[in-house]
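S.K.: with the input below, show me the fold.
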Amino acid sequence: MLIGNKNSLWVKSQDLTLYENLILKSEAFNLSPWARYGCSVSANVINSPFDDMVADKLVENSTTTTHYAVQTNIYTVVDLEYNLSCYVKSSGDGRTFKILVNARGNLEIFFNPDTETFYTSGTIISSNYTNEGDGWYRVDMTFTPNSTGNKVVLFQLYDGVEQSYLGDGVSGVYVFGSQLTQTDTVKLYNPNL
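M.R.: Take a look at the predicted model:
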């Protein structure tokens, strides 16, 4: 696994295998098969953790609702281990970023990149966040689905109080590089464009 930021990359282990990323359009939250509810995506507005201008901003709309981007029909197999990850960066709005997968009930990670507040919900094998430099964090969880079939992966904005709240039409977080791999730990990011 590679650890560090764009200026100081070093190898933590010898596993440099690129595992298949099961999330389609893993860097393009504004395109299908991503669907957006209660939010919009401003595409390619900031440099990613890899120093190229391809990171998006997930922006809440100005209604009282939940604000999220979602992909459905991601196929997983019962009792195999999977790792779900995404890079997130604060846009200075204080929003918490939530990752959800419906694999064994709802498995959730909540992470606020402004405060580094991190907590989980559900039967998750392991979860973590790592500072990737320049304000970017990689948030991940490892889990085993309790059934074979299609799963939902959801990335949601959260105001820290309510999951359904009145948005202001401008707040959000920067997101990049969503990844779901059939592995027991977070792996080297492999784009699925």
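S.K.: quick one: contacts of stretch 164-174?
M.R.: Outside of stretch 164-174, the residues within contact range by C-beta atoms under 8 Å, 6 or more residues apart in numbering are 38-39, 45-46, 55-67, 88-91, 93-95, 97, 113, 157, 159. Any C-beta I mention is one placed from the backbone N, CA and C, and that applies to glycine too.
S.K.: can you check stretch 123-138 too?
M.R.: Contact partners of stretch 123-138, identified using C-beta under 8 Å, 6+ apart, comprise 3-8, 47-49, 81, 85-90, 104-105, 107, 109, 111, 113, 116, 118, 120, 139-144, 176-177, 184-186.
S.K.: for this protein, which segments count as helices?
M.R.: For the chain, none of the segments meets the definition of helices by DSSP state H.
S.K.: who are the neighbours in contact with the residue nearest in space to the middle of it?
M.R.: Residue closest to the average C-alpha location in the chain (C-alpha atoms, centre = their mean): residue 86, at 3.1 Å. Residues touching residue 86, when contacts are defined by C-beta under 8 Å, 6+ apart, comprise 97, 99, 138-140, 155, 175-179.
S.K.: among the residues you listed, which lie within strands?
M.R.: Assigned to strands by DSSP state E, the following of these qualify: 97, 99, 138-140, 155, 175-179.
S.K.: what subset of those is buried?
M.R.: Neighbour counting over the ones in strands among the contacts of residue 86 (16 or more other C-beta atoms under 10 Å) leaves 97, 99, 138-140, 155, 175-179 as the buried ones.
S.K.: lowest average confidence, helix or strand, in this protein?
M.R.: Lowest by mean pLDDT, DSSP states H and E among the helices and strands of the chain is strand 8-11, with a mean of 35.
S.K.: per-residue confidence averaged over stretch 22-32?
M.R.: Taken as a whole, stretch 22-32 carries a mean pLDDT of 95.
S.K.: quick one: buried residues of that stretch?
M.R.: Result for stretch 22-32 [16+ other C-beta under 10 Å]: buried residues 22-30.
S.K.: work out the gap between that stretch and the centre of the chain.
M.R.: Between the mean C-alpha point of stretch 22-32 and the mean C-alpha point of its chain there is a distance of 11 Å (C-alpha atoms, centre = their mean, to the nearest Å).
S.K.: can you list contacts of it?
M.R.: Stretch 22-32 is touched from outside by 33-34, 36, 40-43, 48, 54-56, 58, 69, 71, 74-76, 82, 153, 155, 175-182, 191-193, with contacts defined as C-beta under 8 Å, 6+ apart.
S.K.: what's the span of that stretch from first residue to last?
M.R.: Using C-alpha to C-alpha, to the nearest Å, the end-to-end distance of stretch 22-32 comes out at 14 Å.
S.K.: I'm done for today, thanks for sticking with me.
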